[in-house]
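Asks: With the sequence up front, the predicted model follows.
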Amino acid sequence: MRLVMKEPVETAEGPYPRRWWALLVLCLSLLIIVMANTALTVAAPDMTADLGLGSADLQWVIDGYTVPYAALMLLLGAIGDKYSRRGALVLGLAVFGGGAVFGYLADSAATVIAARAVMGTGAALIMPATLSLLAATFPRRERAKAITLWTATAGLAIAAGPVVAGALLRDHGWSATFLINVPIAAVAAVGALVLVPPSRAGHHDRIDYVGGLLSVLWIGALVYMIIEGPHFGWGVKAVTAAVVAGAGLVAFVLWELRHPHPVLDVRRFAHRRFAGSNLAVALFFLAVFGAFYYLTQHLQFVLGYDALGTGVRMLPLAGAVFAGSALTGWLTPRVGMRWTVTAGMAGGTTALALLTRVDAASGYGDFVAPLIILGLAIGLALSPCTDAIMGAFPESELGVGGAVNDTSLELGGSLGIAVLGSLLATSYGNHLTDATRGSRLPASALATAQDSVGAGYAVARGIGEQARRTAARAAQATDPRQAAQLKAQAGQLKQGAEQMADAVGSSFASAVAHTSLVGAILLGLGTVLVAVLLPGRTPAVAEAPAEEREPARSGAH
């Protein structure tokens, strides 16, 4: 057996015998992409304290990964199709691992953001390559099962990131969480060379670089606008990004309609199955990413769990994703994807609706049912959509197909964090203003507390620390009258700290309930729209153009 797999899978007489081992490598590659974000959510408080990050800095630490990731996928997917899908995967893993090492060594907000951008570029190479290699390696009859396992991996990564990061944070600094990705990337790169057969399009025309660059322009500008506008206000930067995104999208569509070999044939969006699947992915992850954003904050700040405890308590979600994936693998061939996808989206809507009951008295038990239902919903809905999107592309464009699926996912996730996150912040600030009305809290302290739930608890701790210092002065005072005054002042400050902490917790809980209601309404409306768009039990190729129904086998390299 050769150390490096050089034989293209297309030359084999039957199915590639080690295809399930190859799938393990592809799932490992997917694992680090998702863990890079979920691990950061629990490392963010330590990073903020160590580097003195403001809210804008922290937001761009998170989203510095998202912009290049979303913007570059389509172009890099097309390049992988033409030259080497496995090569794109291995290169992406190297870039991603290098960015992770850079993040470990970073000592300022700017260098952390730069490291995250490098990792996002690597992810843009990895993500479409995993799906295109999966589709090229597995025969069509097994592809849905393989995609189901690929999807379940994402659910595992959602919980694994916080658990592993939390364990590291007990004995190490936040920078160690970047190193989680390095050994996995190294193992995946070696595994790709040994177990994943090389693949590229058997015939691929010259790459439409103009269309690819236009896609980078409008998607990058759109993601930037989504991040900048809701969080930092609709100033010149956000408005300019909106104009660039709109103009770039129009130019991209017009160019692709006229180009003989477009990087993405936009006419595919006229097919109900394809359009409905992409819409379902975007809307579903709008809700999932938004909910994950505020659920982890509630567990950490309001309920007081540490990073590891937060990750462990997200495990019901991961287990439910596996169960939902197994269920959809059995159910979809029998009832059709419209029913499983609609059921999954309805389940997600139900999970968000249950979160509207969260209040100041809610404990972890109130979150278990929503987490399980949300995990089942992810497992039910995502795999059939991904299979339908990939099935709409010929073998020569599998990388582009993977990029389209992942771009829909990333755009939905970015919208979820931006829109629901902005709504959460506004609702929290308004509730905190009401809860502290009539108190003697200085305006500057209230403004600081309104910035985030973490800042609110920091203000409460600051008042508590002031109370302890005053009490110590009272104990040391020799004048009984002065001691009594200081003791009374310390008592008032202690009471104020407790009231402030209670106000922050209840305000954030109310904001979670309000934001969940809006998310449930959005996803519920989207569920109806997707149910209308998706066809019934129509074969996967029924709406595809005739020349795509029996695509040529891809060549290799």
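Replies: Nice, thanks for sending it over.

Asks: Was I right to think residue 109 contacts residue 50?
Replies: No: the criterion here is C-beta atoms under 8 Å, and residue 109 misses it with residue 50 at 10.6 Å. The way it works is simple: take the backbone N, C-alpha and C, and place the C-beta from them, glycine included.

Asks: shaky segments in this structure?
Replies: 1-2, 9-13, 55, 202-204, 537-557 (pLDDT under 70).

Asks: re the thing from before, tell me which of residue 109 and residue 50 has more neighbours.
Replies: Remark: of residue 109 and residue 50, residue 109 carries more neighbours, 20 against 13, as counted by other C-beta atoms under 10 Å.

Asks: could you check the distance from that one over to residue 504?
Replies: According to C-beta to C-beta, to the nearest Å, residue 109 stands 25 Å off from residue 504.

Asks: To what extent is residue 384 buried, counted in neighbours?
Replies: Neighbour tally, residue 384, other C-beta under 10 Å: 29.

Asks: And the helix or strand harbouring it, what does it pack against?
Replies: Under the criterion of DSSP states H and E, residue 384 resides in helix 365-391. Applying 3 or more C-beta pairs under 8 Å, 6 or more residues apart in numbering; DSSP states H and E, one finds that helix 365-391 makes contact with helix 109-137, helix 140-169, helix 272-297, helix 315-335, helix 337-355, helix 398-415.

Asks: Figure out how far the second one is from the centre of its chain.
Replies: Taking C-alpha atoms, centre = their mean, to the nearest Å, one finds helix 140-169 lying 12 Å from the centre of the chain it belongs to.

Asks: and the angle from that helix to helix 365-391?
Replies: Angle, helix 140-169 to helix 365-391, by axes from the mean of the first three to the mean of the last three C-alpha atoms, to 10 degrees: 140 degrees.

Asks: now the angle between helix 140-169 and the helix or strand following helix 140-169, please.
Replies: On the C-terminal side of helix 140-169, the closest following helix or strand by DSSP H and E is helix 181-195. When the same axes, to 10 degrees is applied, the directions of helix 181-195 and helix 140-169 differ by 150 degrees.

Asks: Packing partners of helix 181-195?
Replies: helix 19-51, helix 85-105.

Asks: and the angle from the first one to helix 140-169?
Replies: Orientation check (the same axes, to 10 degrees): helix 19-51 against helix 140-169 gives 30 degrees.

Asks: buried ones in stretch 506-521?
Replies: 506-516, 518-520 (16 or more other C-beta atoms under 10 Å).

Asks: again, but for stretch 362-372
Replies: By neighbour count with 16+ other C-beta under 10 Å, stretch 362-372 contains the buried residues 362, 367, 370-372.

Asks: helices and strands around the lengthiest helix in the chain, which ones?
Replies: Counting by DSSP state H, the longest helix found in the chain is helix 480-533. Where contact means 3+ C-beta pairs under 8 Å, 6+ apart, helix 480-533 is packed against helix 272-297, helix 337-355, helix 421-435, helix 453-476.

Asks: Tabulate these (JSON lines), appending distance to residue 159 and mean neighbour count.
Replies: Formatted as JSON lines, those follow (distance: least, C-beta to C-beta, whole Å; neighbours: other C-beta atoms under 10 Å):
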{"stretch": "helix 272-297", "distance to residue 159": "10", "mean neighbour count": "24"}
{"stretch": "helix 337-355", "distance to residue 159": "15", "mean neighbour count": "24"}
{"stretch": "helix 421-435", "distance to residue 159": "20", "mean neighbour count": "19"}
{"stretch": "helix 453-476", "distance to residue 159": "22", "mean neighbour count": "17"}
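
Asks: between the ones you listed, which gets nearest to residue 96?
Replies: Comparing the helices and strands packed on helix 480-533 against residue 96 with C-beta to C-beta, the closest turns out to be helix 272-297 (20.0 Å).

Asks: between the closest one and helix 365-391, how big is the angle?
Replies: Relative orientation of helix 272-297 versus helix 365-391 (the same axes, to 10 degrees): 150 degrees.
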